[in-house]
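Asker: sequence and predicted structure, then a few things I'm wondering about:
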Amino acid sequence: MSDLPDRFYQALLLINNILVREVTQEGLFQSLAATLQPLVNCDRCSLSIYNPANDSLEWFARAEGVTVTCMDDTPIPQRGPLAHEAIRAKAPYIAQDIKNLASFDAIRSMHDAGLRSAIALPLMSRSQPIGALVVSFRRPLRDDDTDLVAFLEKISVQVALAVDNMLAHAKLQKMNAELQQRVGDLLYPEETSYSEPRFFYRCESMRIVMEQAQLLACSNVPVLIRGETGTGKEFIAHIIHRYSARKNNNFVKVNCPALSSTLFESELFGHAKGAFTGANSHRVGRFEMADKGSIFLDEIGDLDKTLQAKLLQVLQDSSFERVGESRSIRVNVRFISATNADLGALIQRGQFRNDLYYRLGAAIINIPPLRERLGELRAMLQHLVGILTEDMQCKPITFSRSALRLLEEYHWPGNVRELSNMVKRLLILNYGGEVEPAMITPLFQQDAHHPGIRDVSVAPLPPPPVVAPGYSLADTERLVIEKVLTLTNGVISGKKGAATLLGLPRSTLLYKLKKHGIEISRYTHSVANLAAGITNKAL
């Protein structure tokens, strides 16, 4: 190695170019190993990352050169004593003859593969070890290999910098992916719930609705979707977006009844930092999120009239100003709105702006209620049982002939949503049995009127709870909650969480858990951890 100092700077430049050029862990290490092996005449290179939390090492990339295997012929994990020694000492560790360390399995495997010596170098970042570079040789190291060690020390400084940057970049990418996922959860709530295979239809009226949705998707005109509660208006909105040229951009939902006059502008238009008390940071509004995509205004008929004029301004000008800013922001947004209210009646009563109606309703899709989708109920029931059985990870149920007749005669004020919620409850209560009429009737909505497009002053009554024989209402509620927690393995939130399966807000379910003294920890370890005393018969 006497000529090594003469090639020193040339080699450093070559390796530096590799570290700058490579953008993946495998690519970086493979190029580094391919350069090092002829430079220092080594027979094997490995690079590992150190985790100080548990004093362990893991692969940065698979080792290059001589293959070292364990007794079961699998490559050894990079957890060997050489790297650990260098990391603990924060200095190079030189094993002139590795057979002296043969008490370690990894070293014994290296020796069996024909390796005789090794140099382990810590990779330091801000005075702390982040990993180790190990080069191994078939020959024993000599006392005059000092130039070799000095050269590898210089190399390890560059490698440490490149590895640290790459790990930091990977961490940022992971954080960015997590943030994007969180944004996606906000922008596309339960996106898989709105996939087309879950949207069942066979009748002619629904076939026409789907054709209209796909046809209107090709244009940019605002679409108003009308239909009773639970008919699938949001499904159709997702389909319009999915078939449009905007499908690769955001679909942003705005729940109009939840918008108060104080939050309207901040929620939809965003605000600047310091725009008002509590505005501690800059906020991007829903319209800006939906730029080049679609914005879905759900239950537009429930939007306060004082806020309708502000919404109309955005429709007319395609621009707005953030709260606390005077700069106008232009957006390219496709408007899709939905309502279960009779907007014509609201306009006559002075509760909805006529000009806003004509802006939003350039094209109108009317979704028929479930009671008018003749001949579909049995097939839809089978479809829902299949989907919800998989979602809830429970046994499927069957329906007796008399139960099917009862379901077909019911007028379904809550439409498909009511049917879906009923199937969920029956799956929970029957746990794979046959459903009879006596199990169904307590689940029907006791609605006083037969709804068309609803009057905005009337809200449907919630379905009464099912009381198990021999149990009080409170006991039954507790038993049902416990069984659902068993099915979800203690998961509260999310598409397959207990709150969703019970049709409750998360906060309401948490209140009921506290009221009944139910501890989540009892259900987080085993799906089969049924609460004592709960039986299928009792439920």
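Answerer: That came in fine, so what should we check first?
Asker: off-centre distance for stretch 226-235?
Answerer: 25 Å (CA atoms, centre = their mean, to the nearest Å).
Asker: state the mean pLDDT of it.
Answerer: Throughout stretch 226-235, pLDDT has a mean value of 93.
Asker: gap between the helix ranked longest in the chain and the chain center?
Answerer: Counting by DSSP state H, the longest helix found in the chain is helix 146-187. Mean-position distance between helix 146-187 and its chain equals 24 Å (CA atoms, centre = their mean).
Asker: check which helices and strands that helix sits against.
Answerer: helix 8-21, helix 25-40, strand 44-51, strand 117-125, strand 128-137, strand 251-255 (3 or more CB pairs under 8 Å, 6 or more residues apart in numbering; DSSP states H and E). Every C-beta, even on glycine, is put in place using the N, C-alpha and C of the backbone.
Asker: can we see that at 7 Å?
Answerer: Helices and strands touching helix 146-187, as assessed by 3 or more CB pairs under 7 Å, 6 or more residues apart in numbering; DSSP states H and E, comprise helix 8-21, helix 25-40, strand 117-125, strand 128-137.
Asker: do you know which of the ones you listed lies nearest residue 494?
Answerer: Closest approach to residue 494 among those is made by helix 25-40 (32.3 Å; CB to CB).
Asker: so which residues make contact with the closest one?
Answerer: With CB atoms under 7 Å, 6 or more residues apart in numbering as the contact definition, helix 25-40 has outside contacts at 11, 14-15, 18-19, 22, 42, 45, 47, 60-61, 64-65, 135, 148, 151-152, 159, 162, 166.
Asker: what about 6 Å?
Answerer: Outside helix 25-40, the residues that touch it by CB atoms under 6 Å, 6 or more residues apart in numbering are 11, 15, 18, 22, 45, 47, 60-61, 64, 148.
Asker: please apply the same query to stretch 359-368.
Answerer: For stretch 359-368, contacts defined as CB under 6 Å, 6+ apart pick out 205, 209, 212, 216, 221-227, 231, 315, 337.
Asker: quick one: mean pLDDT for that stretch?
Answerer: Averaged over stretch 359-368, pLDDT sits at 93.
Asker: between its first and last residues, how far does it reach?
Answerer: End-to-end distance for stretch 359-368: 23 Å, by CA to CA, to the nearest Å.
Asker: what are the buried residues along that stretch?
Answerer: Across stretch 359-368, burial judged by 16 or more other CB atoms under 10 Å covers 359-361, 363, 365, 367-368.
Asker: now do the buried residues in stretch 60-70.
Answerer: Using 16+ other CB under 10 Å as the test for burial, stretch 60-70 gives 60-61, 63-66, 68.
Asker: I meant to write stretch 275-294 there.
Answerer: 275, 283, 285-291, 293-294.
Asker: what comes into contact with that stretch?
Answerer: Stretch 275-294 has contacts (CB under 6 Å, 6+ apart) with 241, 246, 249-252, 254, 268-271, 273, 323-324, 331-334, 336.
Asker: in helices, which of those residues fall?
Answerer: 241, 268-269.
Asker: among those residues, which one sits closest to residue 484?
Answerer: residue 241 (32.2 Å).
Asker: from residue 295, how far out is that closest one?
Answerer: For residue 241, the distance to residue 295 equals 10 Å [CB to CB, to the nearest Å].
Asker: got any residues that touch both of those two?
Answerer: Taking CB under 6 Å, 6+ apart as the contact rule, residue 241 and residue 295 have no neighbour in common.
Asker: got any ranges where the stretch 101-250 of the chain has weak pLDDT?
Answerer: 102-103, 176-197 (pLDDT under 70).
Asker: switch the cut-off to 80
Answerer: 102-105, 143-146, 170, 173-198 (pLDDT under 80).
Asker: which residues are in contact with stretch 46-58?
Answerer: Residues outside stretch 46-58 that contact it (CB under 6 Å, 6+ apart): 29, 60, 63, 78-79, 83, 87, 129-134.
Asker: return the member of these nearest to residue 521.
Answerer: For residue 521, the nearest member of those is residue 79. The distance, counting by CB to CB, is 33.9 Å.
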